[in-house]
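Trainee: next one to model:
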Amino acid sequence: MDTFKREVLAQRVRQVKPSGIRKFFDIINTMPEVISLGVGEPDFVTPEHISQAGIHSIELGHTHYTSNYGILELREEIAAMLKRRYGLTYDPRTEALVTVGVSEGVDLAMRTIIDPGDEVISLDPGYVAYEADIIFAGGVPVPVPTYAKYDFGVRADEIAAAITPRTKMILIGNPNNPTGAVVPKAELEGIAQLAREHDLIVAIDEVYGRLVYDTEHVSIAAMPGMRERTILLDGFSKAYAMTGWRVGYVATPAHILEAMLKVHQYTIMCAGTSAQEAALEALRHGEGDVRMMHAAYAQRRRLFVDGLNRIGLPTCEPRGAFYTFPCISSTGMSDEEFSEKLLFEESVAVIPGSSFGNAGKGYVRCAYCTSEDRLEEALVRMERFLKNHGCV
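Mentor: All right, here's what the predicted structure looks like:
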């Protein structure tokens, strides 16, 4: 068999590590009795009326391409929703783009804005795809650590310290995956001030924006002078339990969106038609579903956070999303070792915090988007695990 005399794979691809989450997913799939706290998706099925809208779309023969921008009626509903929620005005014809999940939106933002060598500031720990997307675009990730003593909330002065002449963008997930942290309004205002002072773009991933507890979600795009320099990314996966439908959207000024559309149309063409029509139904008639699921997550959050603290795994109060990020350093194990042993000894799956960045070492991510009885059983198994290892 012939072999290549030079490296075949692109350096950018070789630079990116495989997802630490996928490793555990692959193992979990071979263990049917596992209680999985690793999968970041709702255990709710998509509400029936939303699914029926997608099915009806197919039955009507709506099986062709849509506009590259996406179905206009969906973009109009997105613009109307952003107006209601934040007072933001976007032209649905030129300033809204339907994407294949928020993941595509993040990738588009990087490939549209970032030139080789540009620096992108992002939070550590943060969603695993952010660093990879920056690298794939030729950019340089600049992680800014967040800390448990501040409930993993980012502080504007730490972002300021990371800005250099090569900084072009600040990328933030708010609320944060994996910590559940929400950026305090005062810090968000400070970040907005930095963006204006240093002429930076802000890409804000708000896919968990409907899953915020004890406070109102604030979008940086609605702050003075920020609409024109913000790429707002959101979608339907989390709030509407539509992960498998793969529908997200971008809202941003027309000159940026037109450039993003160029990348989108050559790589994706358009999001799935039936999925877009399901998303349209979600926006028009899904508010009650969002509120029901939000209430369930809030109850699970209280149960699980209190339980983790009780069994000896100190946990900050997550203000959004559906994740806890307990500290496991008292066990004497690394987060990788803890996660593997817990999985094989007690059939409970969590994700090592280091999968989300260096600042995640010594922590694990637990998703509480599963039923209360399974969360209670997970706590029983985790406490037994800690006792078996002499940790309590």
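
Trainee: make it CA atoms for all contacts and neighbour counts henceforth
Mentor: Will do.

Trainee: what's in contact with stretch 79-90?
Mentor: 91-92, 96, 218-219, 221-222, 227, 251-253, 283 (Cα atoms under 8 Å, 6 or more residues apart in numbering).

Trainee: any chance of those residues in CSV with distance to G320 as columns?
Mentor: Below are those laid out as CSV (distance: Cα to Cα, whole Å):
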residue, distance to G320
D91, 29
P92, 28
A96, 25
V218, 12
S219, 14
A221, 19
A222, 19
R227, 23
A251, 22
T252, 24
P253, 27
L283, 21
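
Trainee: need these in CSV (columns: pLDDT and secondary structure).
Mentor: Output for these, formatted as CSV (pLDDT from 0 to 100; DSSP: H, G, I helix; E, B strand; the rest coil):
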residue, pLDDT, secondary structure
D91, 98, coil
P92, 98, coil
A96, 98, strand
V218, 96, coil
S219, 97, coil
A221, 98, helix
A222, 98, helix
R227, 98, helix
A251, 98, strand
T252, 98, coil
P253, 98, coil
L283, 98, helix
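
Trainee: who wins for neighbours among the residues you listed?
Mentor: Neighbour counts for the contacts of stretch 79-90 (other Cα atoms under 10 Å) peak at A251, which has 29 neighbours.

Trainee: and the residue lying closest to that one once chain neighbours are set aside, how far is that from L257?
Mentor: Nearest residue to A251, sequence neighbours excluded (Cα to Cα, 6 or more residues apart in numbering): A96, at 4.6 Å. Counting by Cα to Cα, to the nearest Å, the gap from A96 to L257 is 7 Å.

Trainee: now the helices for the stretch 151-300 of the chain?
Mentor: Using DSSP state H, counting those that start in this stretch, the helices of the stretch 151-300 of the chain run over residues 156-162, 185-198, 254-267, 273-285, 287-311.

Trainee: could you pull up the mean pLDDT of the longest one?
Mentor: When you say that, I think you mean helix 287-311. Helix 287-311 carries an average pLDDT of 98.

Trainee: domain boundaries for this protein, per the record?
Mentor: As recorded under automatic domain parsing, the domains making up the chain are 11-46+288-388, 64-285.

Trainee: nearest to Q52, of those domains?
Mentor: domain 64-285 (7.7 Å; Cα to Cα).

Trainee: endpoints of that closest one, how far apart?
Mentor: First residue to last in domain 64-285 (Cα to Cα) measures 25 Å.

Trainee: for it, the distance to its chain's centre please.
Mentor: How far domain 64-285 lies from its chain's middle: 10 Å, per Cα atoms, centre = their mean, to the nearest Å.

Trainee: related to what we said a few turns ago, what do A96 and L257 both touch?
Mentor: 250-251.

Trainee: lowest average confidence, helix or strand, in the chain?
Mentor: When each helix and strand of the chain is scored by mean pLDDT, DSSP states H and E, helix 20-28 comes last, with a mean of 68.

Trainee: can you name the next helix or strand after it?
Mentor: Next in sequence after helix 20-28, counting helices and strands by DSSP states H and E, comes strand 35-36.

Trainee: mean confidence for that next one?
Mentor: Mean predicted confidence for strand 35-36 is 92.

Trainee: just the buried positions in the helix or strand following it, please.
Mentor: Moving toward the C-terminus from strand 35-36, the next helix or strand (DSSP H and E) is helix 48-59. Within helix 48-59, the residues scored as buried using 16 or more other Cα atoms under 10 Å are 50-51, 53-55, 57-58.

Trainee: please convert these to a markdown table, extending it with pLDDT.
Mentor: Listed next are the buried residues of helix 48-59 as a markdown table, based on pLDDT from 0 to 100:
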| residue | pLDDT |
| --- | --- |
| I50 | 98 |
| S51 | 98 |
| A53 | 98 |
| G54 | 98 |
| I55 | 98 |
| S57 | 98 |
| I58 | 98 |
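
Trainee: export those to TSV and tack on distance to R291?
Mentor: Below are these laid out as TSV (distance: Cα to Cα, whole Å):
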residue	distance to R291
I50	15
S51	18
A53	20
G54	22
I55	24
S57	26
I58	28
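
Trainee: so which of those residues comes closest to Q276?
Mentor: Nearest to Q276 out of the buried residues of helix 48-59 is G54 (Cα to Cα; 7.9 Å).

Trainee: surely that closest one and A282 touch.
Mentor: No: using Cα atoms under 8 Å, G54 is not in contact with A282, being 10.4 Å away.

Trainee: where are the low-confidence patches of the stretch 101-250 of the chain?
Mentor: For the stretch 101-250 of the chain, applying pLDDT under 70 flags no range at all.

Trainee: all strands of it, in order?
Mentor: In the stretch 101-250 of the chain, the strands defined using DSSP state E, counting those that start in this stretch lie at 119-124, 140-145, 167-173, 201-205, 230-235, 248-251.
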